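Q: What would the 3D arrangement of this be:
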Amino acid sequence: MRRSITIILVILRKEFLQIFRNRGMLPIIFIMPFIQLLILSNAATFDVKNVPFHLQDFDRSSLSAKLAEQFTGSGYFRLTGESFGSTQAIGELVGRRADLVLVIPKDFERDLEVSGSAPVQLVINAEDGFSAGVIQGYTSQIIADFNREHRALFSAAGAGRVFPEIRIKSSAWYNPELEYSHYMVPGILVILVTMVGLFLSGMNVVREKEVGTIDQINVTPVRSTEFIAGKILPFWIIGLGELSLGLFIARFVFHVPMQGSYLLVYLVASIYLLVVLGMGLLISTVTETQQQAMFIAWFFMVIFTLLSGLFTSIESMPHWARNMTMFNPVRHFVDIMRRVMLKGSGLAEISRPLLILCAYAVAMLSLAVNRYRKVSA
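A: Sure thing, here's the model as predicted:
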């Protein structure tokens, strides 16, 4: 018994010494978990706040202005612009500059005072069925409060028999049945492609180090760019194959519509995979073991996922977290997938996030090539 305890203590001491001597392992153990806790605790929220909304006030009366103020003063909505054409309102929804369009028709105030009722249209972006339901609940509460307030005013003023009341006509666009799977499946497809690309490429070069074949490769006349291309190409093909299978399942199992172009999806996916594979190879060149590579890849994967808008609305995150998401390639690909599949967006509508992914791809591949050159020196 005493011998067993002694052996265990010796092994325990050896393991602690090995851990603390490994400079690459210490940040993984002590720094990364706290960074994740600080960032993700603020970013992972199901609250829906700062919803961007677009106003179309065709009445331009004092009552219509007060109704618009009810929305901006509630703390849930943020006015992004006004217009008087349906085409522009649709453009705001497609471009994700607004998740709600508030349409106040002409003669709103007159109808409210004369007949006692007036219609108001709320056009809600229902890509995310959960958020759309919450937005609809907020708007209904704001309209109900507005009705009570002006009913009391009319009653106190002796307006007589009719009490003004607003009738709400809501229409959910891009996901009329509010199917949550239609919103989630495109995002989950991105996560699956990311995991395959990041983890497989992240353990690629480091495996060569562990088995000792990296030294043999380094003395060959193979250039850094050729080596990186040879490492990336198989996983790039595998990633596109995974995406194809996922799109098939999304269409025929979950019945997620494809309003846009499959060709556009594959174009963006091809560029995005270069980002992920370049990042994985960069991780692989700076680590010494597959275990280290796996931990670092998982660290970034968790942050990328929860800051991507996959589960929670980016607009509801704190301002600093919203700014951080701009550096998250997963966020941009999730956004593009949802726009193309659910809204039918074209190349013009997704040009901004696509350009960001292109810049990311160039940066990641350049860093991976330069880092490998240092290793092979």
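Q: Low-confidence ranges, the stretch 51-200 of the chain, go.
A: The stretch 51-200 of the chain contains residues with pLDDT under 70 at 151-171, 177-178, 180.
Q: Show me the helices in it, by range?
A: Assigned by DSSP state H, counting those that start in this stretch, the stretch 51-200 of the chain shows helices spanning 62-72, 86-94, 108-114, 129-156, 180-202.
Q: Near V114, how many other residues are there?
A: By other CB atoms under 10 Å, 12 other residues sit near V114. Placement of C-beta: from N, CA and C, glycine included.
Q: quick one: low-confidence ranges for the stretch 251-377 of the chain?
A: For the stretch 251-377 of the chain, the ranges with pLDDT under 70 are 372-377.
Q: I238: what's it in contact with?
A: Residues counted as contacts of I238 (CB atoms under 8 Å, 6 or more residues apart in numbering) are V196, L200.
Q: Number of residues surrounding L245?
A: L245 has 12 neighbours, counted by other CB under 10 Å.
Q: Give me the phi and psi angles of the closest residue to I191 other than its chain neighbours.
A: Distances taken as CB to CB, 6 or more residues apart in numbering put T305 closest to I191, at 6.0 Å, once the chain neighbours are dropped. When quoted as degrees, to the nearest 10, the phi and psi of T305 stand at phi -70, psi -50.
Q: what does P318 give?
A: The phi/psi pair for P318 (degrees, to the nearest 10) reads phi -60, psi 160.
Q: any idea how far T312 is from it?
A: For P318, the distance to T312 equals 12 Å [CB to CB, to the nearest Å].
Q: ditto for T6
A: Separation of T6 from T312 (CB to CB): 51 Å.
Q: how many neighbours does L263 have?
A: Residues within reach of L263, counting by other CB under 10 Å, total 8.
Q: residue contacts, it?
A: Taking CB under 8 Å, 6+ apart, we find L263 in contact with no residue.
Q: which SSE is it in?
A: Element membership for L263 (DSSP states H and E) is helix 262-286.
Q: Not counting residues beside it along the chain, what's closest to A89?
A: V101 (4.7 Å).
Q: Verify the contact between that neighbour and Q88 for me.
A: No: V101 is not in contact with Q88 according to CB atoms under 8 Å; the separation is 9.7 Å.
Q: give me phi/psi at S74?
A: Phi and psi for S74, reported as degrees, to the nearest 10, are phi -80, psi -20.
Q: mind listing what it touches?
A: Contacts of S74 by CB under 8 Å, 6+ apart are Y138, I142.
Q: hmm, try it at 6 Å
A: I142 (CB atoms under 6 Å, 6 or more residues apart in numbering).
Q: Where do the domain boundaries of the protein fall?
A: Here the domain assignment for the chain is 51-173, 179-376, based on automatic domain parsing.
Q: if we compare the ones you listed, which one ends up closest to R21?
A: Taking CB to CB, domain 179-376 is the member of these nearest to R21, at 12.4 Å.
Q: So what's the residue count around V94?
A: When counting by other CB under 10 Å, one arrives at 19 neighbours for V94.
Q: on that earlier part again, from V120, how far out is the residue nearest to A89?
A: V101 sits at a distance of 11 Å from V120 (criterion: CB to CB).
Q: out of these two, which sits in the busier spot?
A: In terms of neighbours (other CB under 10 Å), V101 is the more surrounded of V101 and V120; the figures are 23 against 20.
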